[in-house]
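1. just the structure for this:
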Amino acid sequence: MSSDSKEEVTTSTEQPAAKKTSPSDFLKAVLGRPVNVRLNSGSDYRGVLACLDGYMNIAMEQTEEYVDGQLKAKYGDCFIRGNNVLYISTQKKK
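-> Numbers count the residues shown, from 1 in each chain. Have a look, this model is predicted:
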């Protein structure tokens, strides 16, 4: 019986795994869309993701810099070196 239950668990976990997307797929999907980029320093950059490379170097447009949740600066274009990036997430439209 235990081998049957293992098969059921394996089968049930394989189906949702097929629906998951890879980080690469996520990044391709958010190109040209509003994103939030959190840096290792804790500051956030919110803007439109223009492009990025394999090193996670990022180019953004219409960028706003937030430190401790408060707007500090606005930039037309912003370039962020990849080794400073903690994560990239989608930004909800206001």
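2. burial count for R46?
-> As a burial measure, R46 scores 18 neighbours (other C-beta atoms under 10 Å). Quick note: C-beta positions are derived from backbone N, CA and C, even for glycine.
3. now do whatever helix or strand Y66 lives in: which elements does it pack against?
-> Assigned by DSSP states H and E, Y66 belongs to strand 58-67. When contacts are defined as 3 or more C-beta pairs under 8 Å, 6 or more residues apart in numbering; DSSP states H and E, strand 58-67 packs onto strand 34-39, strand 44-52, strand 70-80.
4. so for that strand, mean pLDDT?
-> Mean per-residue pLDDT for strand 58-67: 96.
5. residues of that strand that come out buried?
-> 58-60, 63-66 (16 or more other C-beta atoms under 10 Å).
6. stretch 75-90 too?
-> Going by neighbour count (16+ other C-beta under 10 Å), the buried part of stretch 75-90 is 78, 80, 84-85, 88.
7. so can I have JSON lines of the helices and strands packed on strand 58-67 showing distance to D25 and mean pLDDT?
-> Listed next are the helices and strands packed on strand 58-67 as JSON lines, based on distance: least, C-beta to C-beta, whole Å; pLDDT from 0 to 100:
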{"stretch": "strand 34-39", "distance to D25": "15", "mean pLDDT": "96"}
{"stretch": "strand 44-52", "distance to D25": "14", "mean pLDDT": "95"}
{"stretch": "strand 70-80", "distance to D25": "21", "mean pLDDT": "95"}
